[in-house]
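1. pasting a predicted model and its sequence here:
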Amino acid sequence: MANISVIGTGYVGLVSGICFAYLGHDVLGLDLDREKIEQLKNGSLPIFEPELDRIFSYAMDYKKISFTTDYSKAVEFADFIFIAVGTPPKADGSADLSFVASAYKEICRYIRDNDYKIIVNKSTVPVGTGRWARQFAVEILGKRGIKEPEERLDIVSNPEFLREGKAVYDFMNPDRVVIGSDNRDAAWRVASLYEKVNPTLLVADIATAEMIKYASNSFLAAKISFINEIANICERLGADVDVVSRGLGLDHRISPYFLKAGLGFGGSCFPKDVSALISIARQSGVEPKMLVSVMEVNALQRLRPVEALKERLGQLDGRSIVIWGLAFKPGTDDVRESPAISITEALLDEGAIVYAHDPVAKDNFKRSLKSVENLIFIDDKYDNLEHADALILVTEWQEYYDPDFSRFSGKVIFDGRNLWKKEVVLRYARDYIRIG
Ligand SMILES: NC(=O)c1ccc[n+]([C@@H]2O[C@H](COP(=O)([O-])OP(=O)(O)OC[C@H]3O[C@@H](n4cnc5c(N)ncnc54)[C@H](O)[C@@H]3O)[C@@H](O)[C@H]2O)c1
């Protein structure tokens, strides 16, 4: 069993750290956010993720995980230092590597003469970052007068593929674990950390591992934009996109996953990773026409409910509209790039009064909006529905699957996830609109 430090205790760092601790490794989680670290030291989780609280309690009870804000402790403690800080998009779509660079700087301040550390990039970073990081780190160590600086560390890429809402399951049952390094020995040492989950391993050079992550997310995003474009064509031609999607997915070369028409992709990964790959491609002299279309289709898809309500209700000024579901997908409180943000902001811009419901994501949602004027958060999904003109279903939480349809009486219903049956909704509602 190994000593592992995890830099950044967000969704990825916390889930990986806790899961490694549960597998028997000794883990130290580090974050610059003191409040988060205090909360974790007190045994409370700052994020919602199914199953995570149970294995967190186990890891805490057995003292397999602890937390700090002190880089010197994190470096001294670990043989493996995982970097899981954010890589948000810059205004031009490229990945902001400032958090990663600052983590490297801090780590390198505390590496000593006879140390050997394996630094693992778990953050999603542009192709080439691993090689740049090695040079950057060796240079810092050299300037500090550390002996044979290139012998003091190796850099490994170990991109993360977990899905929020199923993150613990995904860590314990990965489709594959991808490990990239220009030093094969370091790569296999990182692979050994996953021995207990017995994964299918793919070991590659570092740039290839970095590219696998971007290519995977871009492909999944492309499937979503593809089926949404097909849905829009189906709608005009009177075909049923759900059945088309089933027909497509039965072909094993295509597979049924990520072929559900809806309001487009969101979350902290797909939009930023596709944008980053567009930027990487352009920097390398390739114009990524397909990736650009994937983003364009997605941006248009999010605004479909607003356009549809304007067609049915005319001006939205002063109209009351209820939104069910704010998280970017069910099972998480993460609202980053959630379609609900674009929809709510567009409705508020049109002068509508928005009543918003979500089982867990209301607080995060409130923090992510430019203005909350005319936005009212409701605790019960039926609050104010009686007086509303329309309801938009954005996120398909379980509790929305089988609502009391009689409450839809007289309203325009926009089902952004094709969750309900048209004939059932139309028994009560004034109008029912779905995707495709
Ligand atoms: N969230 C996902 O589903 C997911 C899945 C796969 C990959 N990723 C990638 O993993 C990375 C992390 O994503 P996330 O969703 O966990 O981000 P997050 O924003 O939830 O967490 C990042 C954490 O890093 C901390 N941090 C920032 N700078 C730091 C520094 N210099 N030192 C120490 N801590 C620092 C922040 O305080 C925060 O707690 C990103 O590159 C992302 O693209 C995310």
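-> Thanks, I have the structure now.

2. going forward, measure contacts and count neighbours with C-alpha atoms only.
-> Fine.

3. touching the ligand at all, stretch 315-329?
-> No - on the criterion C-alpha under 6 Å from any ligand atom, stretch 315-329 is out of touch with the ligand, staying 10.9 Å away.

4. please export the C-alpha coordinates of that stretch as PDB.
-> The C-alpha coordinates for stretch 315-329 follow below in PDB (Å, rounded to 0.1, in the frame of the first residue of the first chain):
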ATOM      1  CA  GLN A 315     -44.300  37.800 -24.800                       C
ATOM      2  CA  LEU A 316     -42.900  36.200 -21.600                       C
ATOM      3  CA  ASP A 317     -42.800  39.500 -19.800                       C
ATOM      4  CA  GLY A 318     -44.600  39.000 -16.400                       C
ATOM      5  CA  ARG A 319     -45.300  35.300 -17.100                       C
ATOM      6  CA  SER A 320     -44.700  32.800 -14.300                       C
ATOM      7  CA  ILE A 321     -42.600  29.900 -15.300                       C
ATOM      8  CA  VAL A 322     -41.700  26.900 -13.100                       C
ATOM      9  CA  ILE A 323     -38.400  25.100 -13.700                       C
ATOM     10  CA  TRP A 324     -37.900  21.500 -12.400                       C
ATOM     11  CA  GLY A 325     -34.200  20.500 -12.100                       C
ATOM     12  CA  LEU A 326     -31.200  22.900 -11.900                       C
ATOM     13  CA  ALA A 327     -28.200  20.500 -11.600                       C
ATOM     14  CA  PHE A 328     -26.600  19.700 -15.000                       C
ATOM     15  CA  LYS A 329     -27.700  16.100 -14.500                       C
END
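
5. what sits against Thr87?
-> If a contact means C-alpha atoms under 8 Å, 6 or more residues apart in numbering, then Thr87 has 95-100, 123-125 as its contacts.

6. quick one: which of the residues you listed has the most company?
-> Neighbour tally across these (other C-alpha atoms under 10 Å): the maximum, 29 neighbours, falls on Thr124.

7. who touches it in this structure?
-> Neighbouring residues of Thr124 by C-alpha under 8 Å, 6+ apart: 87, 159-160, 210, 213-214, 273.

8. just those residues that are near the ligand?
-> Okay, of the contacts of Thr124 touching the ligand (C-alpha under 6 Å from any ligand atom), that's 87, 160.

9. neighbour-wise, which one of the contacts of Thr124 leads?
-> Most crowded among the contacts of Thr124, counting by other C-alpha under 10 Å, is Glu210 at 29 neighbours.

10. what sits against the residue nearest to that residue when sequence neighbours are not counted?
-> Among residues not flanking Glu210 along the chain, Val127 sits closest, at 5.2 Å (C-alpha to C-alpha, 6 or more residues apart in numbering). Going by C-alpha under 8 Å, 6+ apart, Val127 touches 207-208, 210-211, 280.

11. beyond the biggest helix by length in the chain, next helix or strand please.
-> Longest helix in the chain, counting residues (DSSP state H): helix 206-237. For helix 206-237, the following helix or strand on the C-terminal side (DSSP states H and E) is helix 241-249.

12. quick one: that next one to helix 206-237, angle?
-> 140 degrees (axes from the mean of the first three to the mean of the last three C-alpha atoms, to 10 degrees).

13. identify all contacting residues around helix 241-249.
-> 227, 230-231, 234-235, 254-257, 259-261, 435-436.

14. and of those residues, the nearest to the ligand?
-> Nearest to the ligand among the contacts of helix 241-249 is Tyr257, at 17.3 Å by C-alpha to the nearest ligand atom.

15. report the closest residue of the stretch 251-400 of the chain relative to the ligand.
-> Cys269 (5.3 Å).

16. that residue and Thr332, how far apart?
-> Separation of Cys269 from Thr332 (C-alpha to C-alpha, to the nearest Å): 14 Å.

17. over to Asp115?
-> 39 Å.

18. ok, back up a step: pLDDT (mean, whole number) over the longest helix of the chain?
-> In this model, helix 206-237 carries a mean pLDDT of 97.

19. what helix or strand is the spatially most central residue of the chain on?
-> Nearest to the mean C-alpha position of the chain, counting by C-alpha atoms, centre = their mean, stands Ser268 at 3.8 Å. Counting by DSSP H and E, there is no helix or strand that carries Ser268.

20. contact residues of the protein facing the ligand?
-> So the chain meets the ligand at 7-13, 30-33, 84-87, 99, 102-103, 123-124, 160-164, 268-269 (C-alpha under 6 Å from any ligand atom).
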